[in-house]
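1. Predicted model follows, preceded by the sequence.
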Amino acid sequence: MEYFVQQLVNGLTLGSIYGLVAIGYTMVYGIIGMVNFAHGDIFMLGAFAALIVFLVLSPIIGLAGVAVLVLLLAMLVVAMLVTSLWNWTIERVAYRPLRGSFRLAPLITAIGMSIFLSNFIQVAQGPRNKPIPGLVNNVYNIAGISISLKQIVIMVVTATLLAVFWYIVNHTPLGRAQRATEQDRKMAALLGIDVDRTISITFIMGAALAAVAGSMYLIYYGVASYNDGFVPGVKAFTAAVLGGIGSLPGAVLGGLLIGLIESLWSAYFTIAYKDVATFAILAFVLIFKPSGLLGRPEVEKV
Amino acid sequence: MAENIQNSARQDDSLFQKGIKEGLFAGAVSFGMFLLYIGIVTEQNIHNELVYRFRWGALAAFVLIAAVGRFLIVTVAQPWLAARKANAKPKVEEKGLFRKHFLKIALVFLVFYPILAVTLAGTQGSLKYVDNFGIQILIYVMLAWGLNIVVGLAGLLDLGYVAFYAVGAYSYALLSSYFGLSFWLLLPISGILAAFWGMILGFPVLRLRGDYLAIVTLAFGEIIRLVLINWTDVTKGTFGISSIPKATLFGIKFDASKEGFAALFGLAPSSAYYKIFLFYLILALCLLTAYVTIRLRRMPIGRAWEALREDEIACRALGINTVTTKLTAFAIGAMFGGFAGSFFAARQGFVSPDSFIFMESAIILAIVVLGGMGSLVGIAIAAVVMIGGTELLREMEFLKHIFGDDFTPELYRMLLFGAAMVLVMLFKPRGFVGSREPTAFLKERKAVSSSFTKEGHG
């Protein structure tokens, strides 16, 4: 039982990272109907930004007491700012001109962008894995279950961000504009919503969440690499589809489920096939519920 | 008159100001973007600790390029484009001799290509041109034509096409090394096995559409690759299968033995003959793919695919069986992937799961879309440009003289590939050959305006 709860905790930690990335996929999909394949690499950019901030700042302010908190905050904020800037630029340069083009064009552009970004980091920062020393290493023992401070930090930050995010989407004029744009872009534009700006902000929000996820990933595993974007990206996309693409609670639910499946499968079956299990479960869910767990079934008008 | 000049001067002035403003903005944005990634580089020192150093020069160069580039775009390129658009005359379509006979010329060139390479570069020197350029490009042409049946004709977005390529390659590798079967027997078998896998994938995804279909096919491709990695008893995992038997020409082997090809024809032993043989083999396979595709398009099943791509609901309403239509598209597309896979294994003599990563699927799909979905010629051109272009980059030794000795062009291969994908899509979203012509028509072929049609719904 304790073993099971332990795996549950591990799975939820991993799942909250996937969930944060999945929100970016699902928001962009909801608002402009494109799969932003480069989102996984935005996540990787976030991890690298946090890594570099850590390297630059940690000799200056040290790693003791409050300094860790400041460092953590600086990593998160800088990573969010930088990746938001990147995603904003990418949307502006690569996706906006293709809006209204045929369906596959933005997808191909996004795949190209994904190849470009991971290779850009490979060229600029070198192909080797980048390890960092542990940032927070405390481990607590609660009723036989060991929870590291890292995991607590990750879950608290995720929960806080989700709350903020939920508030923005549901209770601010900006969120209303986003939801309106998602439902009907043309009508929203007619009613005075600046659609282009709303879409830009959606990309910025998605990137900021991905950056936080990237920083968390870096803190959790203590290593970053230029090709870290692909596998977590695909899993987050899987999570978004599993939860029903376009649905925000679905993305979080899907992320948590994927995290749980992964850690439970690794704990009770073979670790080698954990990704196979994830993808197979995705396929099964989609076969029996093609619009995902919380997604609205697509109604087609003829 | 004077007023006019003043007006245009004022316009130039405001244009200049706008350019400066946007240039500065672009500079500021790029400073923010590149400060961390270009301005600071992280490296491991001799104690294997991560350290950083600043690269202000490179950062300044990036920012400057962004700022000046944006300025030039605003002040020069955009007015020029606007002027050209305003003055554009309706184009008179007149194809030159070259364009009219493009297919024949290309075919003749391909048939004589190895001979040309041998005469120009010598027997050993031709290896590079025949193998790295010729065979490499033709493999991608074949794969892209195979995927074109699924994506371009039937409109089913498949992100896991490389799985069938892997099935074909491993079918040949395993069956030939465990049972000693010959290439010519295994070529069709690989195709058939891949087609079966295509149907296995096809069944569960019949109900899925669009992006759901895309993610499941992607997952399927990853599952196949992960199984190949982890099923070490049979596939030897990441080590891959090596010393796969070569293909033979009517029983004649391509080796240095007495019965080998070179000895039999009294030629000096060289590995180039095998490569030239492979070149003609893949050329023949490509032509087969093209022939089958062209013929199928005229058959009811091909018409059904295209109808399915344009509108699935209308398709059903007209009594087309979408189940068999989709399954045949998957199976036939997969079959060609399987052929290409077994050819790949025979060419390399070695297969490992590393050759079948998602990136390959993405590249093949990119070639199909960049070529203008459904157009065989466009796809071939896209393959030549994208694959040939990146292969060419390996050859750019002279760049070392410009950028210094530690400059390795190979590193930039995929970077430029990604950038090229984005740029081609931005300027030619419909691909190189972007017009879609109706295959079925009454009396005369009328152009379909691309903006009226949607596609790729899956």
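-> Nice, I can see it. Numbering: from 1, shown residues only, chains lettered A, B, ... in the order given.
2. which residues in the chain form strands?
-> All of this refers to chain A. A:130-131, A:139-142, A:145-148, A:223-224 (DSSP state E).
3. look at chain B instead
-> Going by DSSP E, chain B shows strands at B:40-44, B:50-54, B:241-242, B:350-351.
4. thinking again about what came up before, need the strands of chain A in a markdown table (columns: mean neighbour count, mean pLDDT and distance to residue A:176).
-> C-beta here means a position set from N, CA and C on the backbone, and glycine is covered the same way. What follows is those, written out as a markdown table (neighbours: other C-beta atoms under 10 Å in any protein chain shown; pLDDT from 0 to 100; distance: least, C-beta to C-beta, whole Å):
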| stretch | mean neighbour count | mean pLDDT | distance to residue A:176 |
| --- | --- | --- | --- |
| strand A:130-131 | 18 | 84 | 41 |
| strand A:139-142 | 10 | 79 | 42 |
| strand A:145-148 | 16 | 82 | 38 |
| strand A:223-224 | 21 | 88 | 37 |
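5. Of the ones you listed, which is nearest residue A:184?
-> Residue A:184 lies closest to strand A:223-224 among the strands of chain A, at 40.4 Å (C-beta to C-beta).
6. got the domain boundaries for chain B?
-> B:9-86, B:105-452 (automatic domain parsing).
7. Point out the most buried one among these.
-> Counting by mean count of other C-beta atoms under 10 Å in any protein chain shown, domain B:105-452 has the highest mean neighbour count of the domains of chain B, with a mean of 19.
8. starting at the chain centroid, how far to it?
-> Distance of domain B:105-452 from the chain centroid (C-alpha atoms, centre = their mean, to the nearest Å) equals 8 Å.
9. again with stretch A:273-284
-> On C-alpha atoms, centre = their mean, the centre of stretch A:273-284 falls 19 Å from the chain's centre.
10. So which bits of it are buried?
-> The neighbour-count check on stretch A:273-284 (16 or more other C-beta atoms under 10 Å in any protein chain shown) flags A:273, A:274, A:275, A:276, A:277, A:278, A:279, A:281, A:282, A:283 as buried.
11. what number of residues lie near residue A:160?
-> A total of 11 residues lie near residue A:160 under the criterion other C-beta atoms under 10 Å in any protein chain shown.
12. Quick check: it vs residue B:392, distance?
-> Residue A:160 sits 51 Å away from residue B:392, going by C-beta to C-beta, to the nearest Å.
13. was I right about residue A:144 contacting residue A:2?
-> Yes. Counting by C-beta atoms under 8 Å, residue A:144 does reach residue A:2; the two are 4.5 Å apart.
14. do the longest helix along chain B and chain A meet?
-> If you go by DSSP state H, chain B has its longest helix at helix B:2-37. Yes. Using C-beta under 8 Å from any C-beta of the partner chain, helix B:2-37 reaches chain A at B:29, B:32, B:33, B:35, B:36, B:37.
15. Could you list the low-confidence segments of chain A?
-> A:297-302 (pLDDT under 70).
16. can you pull out the helices in it?
-> Under DSSP H, chain A gives helices at A:2-32, A:39-61, A:66-90, A:104-125, A:149-171, A:173-183, A:185-190, A:195-221, A:230-243, A:248-268, A:274-288.
17. can I get these in TSV with distance to chain B?
-> Formatted as TSV, these follow (distance: least, C-beta to the nearest C-beta, whole Å):
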stretch	distance to chain B
helix A:2-32	7
helix A:39-61	5
helix A:66-90	5
helix A:104-125	3
helix A:149-171	19
helix A:173-183	16
helix A:185-190	16
helix A:195-221	12
helix A:230-243	5
helix A:248-268	12
helix A:274-288	4
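18. Nearest to residue B:16 among the ones you listed would be which one?
-> helix A:66-90 (24.1 Å).
19. by contact count, what packs against that closest one?
-> Packing contacts for helix A:66-90, counted by 3 or more C-beta pairs under 8 Å, 6 or more residues apart in numbering or on different chains; DSSP states H and E, involve helix A:39-61, helix A:195-221, helix B:2-37.
20. quick check: angle from the longest helix of chain B to helix A:66-90?
-> Interaxial angle of helix B:2-37 relative to helix A:66-90 (axes from the mean of the first three to the mean of the last three C-alpha atoms, to 10 degrees): 140 degrees.
21. and helix B:2-37, how far from the chain's centre?
-> On C-alpha atoms, centre = their mean, the centre of helix B:2-37 falls 38 Å from the chain's centre.
22. tell me what it is packed against?
-> Packing partners of helix B:2-37 (3+ C-beta pairs under 8 Å, 6+ apart): helix A:39-61, helix A:66-90, helix A:104-125, helix B:56-72.
23. Now do residue B:215 against residue A:129, distance only.
-> 28 Å.
24. How about residue A:292?
-> For residue A:292, the distance to residue A:129 - C-beta to C-beta - is 34 Å.
25. related to what we said a few turns ago, just name the most buried of the helices of chain A.
-> Most buried of those, by mean neighbour count (mean count of other C-beta under 10 Å): helix A:230-243, with a mean of 27.
26. Output the below-cut-off pLDDT ranges for chain B.
-> For chain B, the stretches flagged by pLDDT under 70 are B:1-11, B:88-100, B:123, B:125, B:251, B:255-270, B:396-409, B:432-458.
27. at 50 what do you get?
-> The model of chain B has pLDDT under 50 over residues B:1, B:449-458.
28. Nearest residue to the middle of it?
-> Nearest residue to the geometric centre of chain B (C-alpha atoms, centre = their mean): residue B:367, 3.3 Å.
29. Next up, the contacts around it.
-> Residues counted as contacts of residue B:367 (C-beta atoms under 8 Å, 6 or more residues apart in numbering or on different chains) are B:140, B:144, B:379, B:382, B:383, B:386, B:387.
30. In those residues, find the pair that's most separated.
-> The widest separation within the contacts of residue B:367 (C-beta to C-beta) is 11.6 Å, between B:379 and B:387.
31. Can I get the contacts of residue B:367 in JSON lines including distance to chain A?
-> Below are the contacts of residue B:367 laid out as JSON lines (distance: C-beta to the nearest C-beta, whole Å):
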{"residue": "B:140", "distance to chain A": "16"}
{"residue": "B:144", "distance to chain A": "13"}
{"residue": "B:379", "distance to chain A": "13"}
{"residue": "B:382", "distance to chain A": "11"}
{"residue": "B:383", "distance to chain A": "15"}
{"residue": "B:386", "distance to chain A": "11"}
{"residue": "B:387", "distance to chain A": "14"}
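32. Make JSON lines from these and add distance to residue B:278 to it.
-> Below are those laid out as JSON lines (distance: C-beta to C-beta, whole Å):
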{"residue": "B:140", "distance to residue B:278": "15"}
{"residue": "B:144", "distance to residue B:278": "19"}
{"residue": "B:379", "distance to residue B:278": "21"}
{"residue": "B:382", "distance to residue B:278": "22"}
{"residue": "B:383", "distance to residue B:278": "17"}
{"residue": "B:386", "distance to residue B:278": "21"}
{"residue": "B:387", "distance to residue B:278": "16"}
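33. of those residues, closest to residue B:232?
-> Distance to residue B:232 across the contacts of residue B:367 (C-beta to C-beta) is lowest for residue B:140, with 29.6 Å.
34. Could you measure from the residue of the stretch 51-200 of chain B found nearest chain A over to residue B:275?
-> At 4.8 Å from chain A, residue B:52 is the closest residue in the stretch 51-200 of chain B, using C-beta to the nearest C-beta. Relative to residue B:275, residue B:52 is positioned 46 Å away (C-beta to C-beta).
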